[in-house]
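Undergrad: Predicted coordinates and the sequence they were generated for:
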Amino acid sequence: MSARKTLLSWPVVRQLTGTDPLGRGAAAQSQKTRDWTARTETADRVVQSVCPYCAVGCGQRVYVKDEKVIQIEGDPDSPVSRGRLCPKGSASEQLVNAPGRQRYMLYRRPHGTDWERIDLETATDMVADRVVASRAAQWQDVDQEGHALRRTMGIAALGGATLDNEENYLIKKLFTAMGAIQIENQARI
């Protein structure tokens with residue numbers, strides 16, 4: 001259903017006869033452009049968040065409509081980024097809406113070629129069993145001279161900057177409590 005075009009609907013005619021002689025405003029706009037509304041205007045709610053990519057912690061405004069993220073923009077109230085986001089932060093909406101996003105625990109058996117879905121409880125039990133076994137197998141209680149070590153060399157951790165300070169703090173405490181000494185974070189490297 002397209003409107004019939006007349007001579008008066010041509011942009012150059014609107015430019016010469018209207019209030020926009022330089023053709024930078026209303027004269028250059030089509031009816032389709034005038035009918036557009038921003039995705040942010042149709043959002044049901046706005047949620048404040050922090051960009052998950054690096055250790056800077058830029059503030060984000062997450063626009064949600066029908067319980068789905070429709071847009072992410074910089075938060076002008078953030079003292080860190082003052083409303084700005086890098087290209088990765090601006091594209092972080094794809095983290096939740098990408099069609100290839102994994103939503104299930106997957107497991108590939110030893111020497112297997114295919115991944116199979118397993119439930120979260122089974123996956124958690126498998127990880128816990130392997131951590132306990134690795135810790136026990138590589139435990140060092142004392143060195144050759146009898147000095148206390150109480151550590152394991154069988155577990156190492158490399159944290160990511162997509163976690164916030166509190167999460168990284170808790171992960172550091174967890175691994176330290178298990179006796180791991182090889183603990184690092186990507187934001188510090």
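TA: That came through, no problem.
Undergrad: the domain parsing of this structure - what is it?
TA: As given by automatic domain parsing, the domain ranges for the chain are 1-36, 39-97, 138-185.
Undergrad: Show me the least confident stretch of these, going by mean pLDDT.
TA: Looking over the domains of the chain, mean pLDDT reaches its minimum on domain 1-36, with a mean of 72.
Undergrad: returning to that earlier point: among the domains of the chain, which comes closest to residue 112?
TA: domain 138-185 (24.0 Å; CB to CB). Placement of C-beta: from N, CA and C, glycine included.
Undergrad: Around residue 174, count how many other residues there are.
TA: 12 (other CB atoms under 10 Å).
Undergrad: Let's see the longest strand out of those in the chain as PDB, backbone CA atoms only.
TA: Longest strand of the chain, by residue count under DSSP state E: strand 148-159. This file holds the C-alpha atoms of strand 148-159, laid out as PDB (Å, rounded to 0.1, in the frame of the first residue of the first chain):
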ATOM      1  CA  ALA A 148      53.900 -26.900  55.600                       C
ATOM      2  CA  LEU A 149      52.500 -26.300  52.100                       C
ATOM      3  CA  ARG A 150      48.900 -27.400  52.300                       C
ATOM      4  CA  ARG A 151      48.300 -26.800  48.500                       C
ATOM      5  CA  THR A 152      47.400 -28.500  45.300                       C
ATOM      6  CA  MET A 153      49.100 -28.100  42.000                       C
ATOM      7  CA  GLY A 154      46.400 -29.900  40.200                       C
ATOM      8  CA  ILE A 155      43.900 -27.000  40.100                       C
ATOM      9  CA  ALA A 156      44.500 -23.600  38.500                       C
ATOM     10  CA  ALA A 157      42.000 -20.800  37.800                       C
ATOM     11  CA  LEU A 158      41.900 -18.100  35.200                       C
ATOM     12  CA  GLY A 159      39.000 -15.700  35.900                       C
END
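Undergrad: As a check, name the ranges of all helices in this structure.
TA: In the chain, the segments counted as helices under DSSP state H are 11-17, 31-35, 87-90, 93-97, 120-137, 165-178.
Undergrad: how many neighbours does residue 159 have?
TA: Neighbour count of residue 159, defined by other CB under 10 Å: 17.
Undergrad: ok, now the one 10 residues further on?
TA: By the measure other CB under 10 Å, the count of residues near residue 169 is 11.
Undergrad: now the domains of the chain in a markdown table, with distance to residue 131?
TA: Putting the domains of the chain into a markdown table (distance: least, CB to CB, whole Å) gives the following:
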| stretch | distance to residue 131 |
| --- | --- |
| domain 1-36 | 53 |
| domain 39-97 | 25 |
| domain 138-185 | 7 |
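Undergrad: and residue 111, which of those is closest to it?
TA: Closest among these, using CB to CB: domain 138-185, at 22.6 Å.
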